[in-house]
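1. Return atomic coordinates for the entry below.
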Amino acid sequence: MEPIELADRLGRWSAGRGPLYALLSARLRTLIDDGELPPGTPLPPDRALAKALAVGRNTVVAAYDLLSVEGRLVRRQGSGTRVAGTGSEPLRDTTHSPAFLQLLEPDADIIALACAAPGTPPPEVAEAYQRIVPDLAALTGDIGYHPAGHPLLRKAIADRYARRGVPTDPARILVTGGGQQALSLIAHAYLRPGDRILVETPTYPGSLEAFRDAAAIPVPAPIGLGKIPPAPLAYVIATHHNPTGAILSASHRRALVHSAAASGTPLIDDEVLAELSFPGIETPPPLAAYSDEVISVGSLSKIIWGGMRVGWLRAPLPVIDRIARLRAVHDLGGNIPAQLAAVHLLPQLDLLRDRIAHQRKAAHDLLRTELHRHLPDWHIPEAPGGQTLWIRLPHGDGTSFAQRALRHGVAILPGAGLDPSGNSHDHIRLSFVASEQDLRKTAVRLAEAWRAYDPPAQPIPGSQPLAV
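-> The predicted model follows:
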C-alpha cells in the first residue's frame, strides 16, 4: 500500500490526546480490526509513512512495534511490514476523503474547514416548517413515497429554472437528498466498472468519491474540460468552480456544450455553488441554456442549510425516468416535510442569496487578509464567489501539512484528494465558511503549524500523476 493511500485511510488520527505513536497505533488497530486493512496487506516503510504523516520516523516505528507485540502486524527484515494473518478477500472499500471524515469524526477542539457548508440554518427554515404544519395535517391519500420528488417541489424548481432563462417542464426535475446523492445516482445510472469519466483537475472531491464508488476511473482535464472526447460521462463545475471559484465565460460554455454534443458525451453541470456569487459579480446562464441535453445538479445545502438534504437534477425525460427507478431502489423517495418546506423557501432564495453573498465576501476577505498577515509567502488567489480558497504552498505538500495543521487544531483539505492527475500535491483547500473568531484563529494556528512544519525533501511517494 502506498503511503499516500494509507495516510488517507488514517484520516484524522492525530486529533486526539496522548503521544503521537499511541494515536497512530490506535487508528491502525481500528482499521485492522474493522477489516479495512485485511490480513496480508503490506504497509509502507517507516520513513515513507512518516513523510506522508509529517511525523518523525520514530513515531511510525513505535506504532508498528506496538502492533507487532499485539500480534496485529508482522515485521521482518528485508520483507517489510504486513498485517498479520493470511490474505483474504477485502471488504468493499469505503470513503477516506478528509471532507467526509470531518463529518464522520467531529471534534469540538478542531476548527473544521475541510468541508464547507452553512453552520446555522437561517430563520426562514423554521418559518417554512411552521407554514407546512397545516399542509401535513390536511394530507390524505398520500403514502409519502415520491421517487422523483413531491410534485409541488418539482414545479417550484422548474419555475426557478424558467426565471433563469431555462424553460423547464416539472417532469424534467428529479428531487434528491442533496447534490451528493444526485451525483451518486448519476454515476450508478451511467457508469460501469472501469469506465472513464472526464473531470476537471482539480475538482470537487465528493464527485470523485461518487464516481469511484461506481468503480469508474476519473480522467483529468483542465478547468473547463476543453474539447471533450467520446466518454460515458463528463463532469464540470461551470460557475464558481470548486475549489478555485472560477467562472466559465459564455463563449466557453457554448463551445463546451457543442463539444459534448459532437462527441456524444453526456455532460453534467454541477450548479450547487452557482448562486454563491459575491456582490457585483455577474455570471453567464447555466449550461442547460445552451442545450436541453445537459444534466444539471442543484442543491439548497450551500445557500440555506445542508441539514435539509434537498437537491435536484434537471435532465431529459428518459434520464429522469431511469434515475427515478434507481432512486426508488435506494430510498423510495425522500423527506416530504423537507420538500414541502423547500417549496416555501425557493421563492425567497434570491433574498437569501443576496444576504449571504455579503457575509461570504466579508469572510473571504477577512481570511485572506489574516493569512497574508501571518503567512506572507503563501499564494492565495482571490475568488469571485463560492466558499473556498485554493492555496499553493511555497514548499512541501498539502497531505503532510494537513496532518501538521490538524495537530494545531485546524482541519483542511490537501490538494491531492481533489486532483486525479496528482499535480496538486502542493495545494490545500481552505473553506472560509466560519465565524470571524474561527477565521482569525485559523490564520494564527496555520502560521504556528507552518513554522513547525518539516516538509519531506521530495513529493510523497504515491502522489505522482496517474496513468490515464
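
2. pLDDT score for Ala116?
-> pLDDT for Ala116: 80.

3. what about the helices in the stretch 251-400 of the chain?
-> All helices of the stretch 251-400 of the chain, identified by DSSP state H, counting those that start in this stretch, fall at 317-331, 336-345, 349-374, 398-407.

4. With the stretch 51-200 of the chain instead?
-> Assigned by DSSP H, counting those that start in this stretch, the helices in the stretch 51-200 of the chain fall at 57-69, 98-104, 123-137, 151-163, 179-190.

5. What residues sit buried inside the third one?
-> What that stands for is helix 123-137. Burial within helix 123-137, assessed by neighbour count using 16 or more other C-beta atoms under 10 Å, is assigned to Glu124, Val125, Ala128, Tyr129, Ile132. For glycine as for every other residue, the C-beta is placed from the backbone atoms N, C-alpha and C.

6. just to revisit the earlier point, of all the helices of the stretch 251-400 of the chain, which one is nearest Ala50?
-> Judged by C-beta to C-beta, the one of the helices of the stretch 251-400 of the chain that comes nearest to Ala50 is helix 398-407, at 9.3 Å.

7. That closest one: what's the following helix or strand?
-> Next along the chain after helix 398-407, taking DSSP states H and E as the criterion, comes strand 410-411.

8. Now find how far off-centre that following strand is within its chain.
-> Put simply, strand 410-411 sits 16 Å off its chain's centre (C-alpha atoms, centre = their mean, to the nearest Å).

9. What of stretch 418-438?
-> With C-alpha atoms, centre = their mean, you get 11 Å for stretch 418-438.

10. Repeat that for stretch 245-260.
-> Mean-position distance between stretch 245-260 and its chain equals 22 Å (C-alpha atoms, centre = their mean).

11. contact partners of it?
-> If you take C-beta atoms under 8 Å, 6 or more residues apart in numbering as the criterion, stretch 245-260 is touched by 223-228, 234, 236, 238-241, 266-267, 281, 283-285, 287, 290-291, 293-294, 383-386, 388, 390.

12. in that stretch, what counts as buried?
-> For stretch 245-260, the neighbour count (16+ other C-beta under 10 Å) marks Gly245, Ala246, Ile247, Leu248, His252, Arg253, Arg254, Ala255, Leu256, Val257, Ser259, Ala260 as buried.

13. Relative to Arg373, which of those residues is nearest.
-> Proximity of these to Arg373 (C-beta to C-beta) peaks at Gly245, which lies at 21.4 Å.

14. Excluding chain neighbours, what is closest to that closest one?
-> Excluding the flanking residues, the one nearest Gly245 by C-beta to C-beta, 6 or more residues apart in numbering is Ala383, at 3.1 Å.

15. burial measure for Asp109, as a count.
-> Residues lying near Asp109 (other C-beta atoms under 10 Å) number 8.

16. Would you work out how far apart the start and end of stretch 246-253 are?
-> 13 Å (C-alpha to C-alpha, to the nearest Å).

17. Quick one: mean pLDDT over that stretch.
-> The pLDDT scores in stretch 246-253 average 97.

18. what do you get for stretch 84-100?
-> Per-residue pLDDT values across stretch 84-100 average out to 60.

19. Tell me which residue lies farthest from the centre of this protein.
-> Going by C-alpha atoms, centre = their mean, the residue of the chain most distant from its centre is Gln77, 40.2 Å out.

20. Which one of the helices of the stretch 51-200 of the chain lies nearest to Ala357?
-> Checking these against Ala357 by C-beta to C-beta gives helix 123-137 as the closest, at 15.6 Å.

21. Against which helices or strands is the closest one packed?
-> Here helix 123-137 touches helix 336-345, going by 3 or more C-beta pairs under 8 Å, 6 or more residues apart in numbering; DSSP states H and E.

22. Name the stretch among the helices of the stretch 251-400 of the chain that sits most buried.
-> Comparing the helices of the stretch 251-400 of the chain by mean neighbour count (mean count of other C-beta atoms under 10 Å), helix 398-407 comes out on top with a mean of 24.

23. Extract the CA atoms of it and return them as CSV.
-> Coordinates of the C-alpha atoms in helix 398-407 are reproduced here as CSV (Å, rounded to 0.1, in the frame of the first residue of the first chain):
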residue,chain,number,x,y,z
GLY,A,398,-0.6,19.5,1.2
THR,A,399,-1.0,16.0,2.5
SER,A,400,1.8,16.1,5.1
PHE,A,401,1.0,19.8,6.0
ALA,A,402,-2.7,18.9,6.6
GLN,A,403,-1.5,16.4,9.2
ARG,A,404,0.6,19.1,10.9
ALA,A,405,-2.3,21.6,10.7
LEU,A,406,-4.6,19.1,12.3
ARG,A,407,-2.2,18.8,15.3
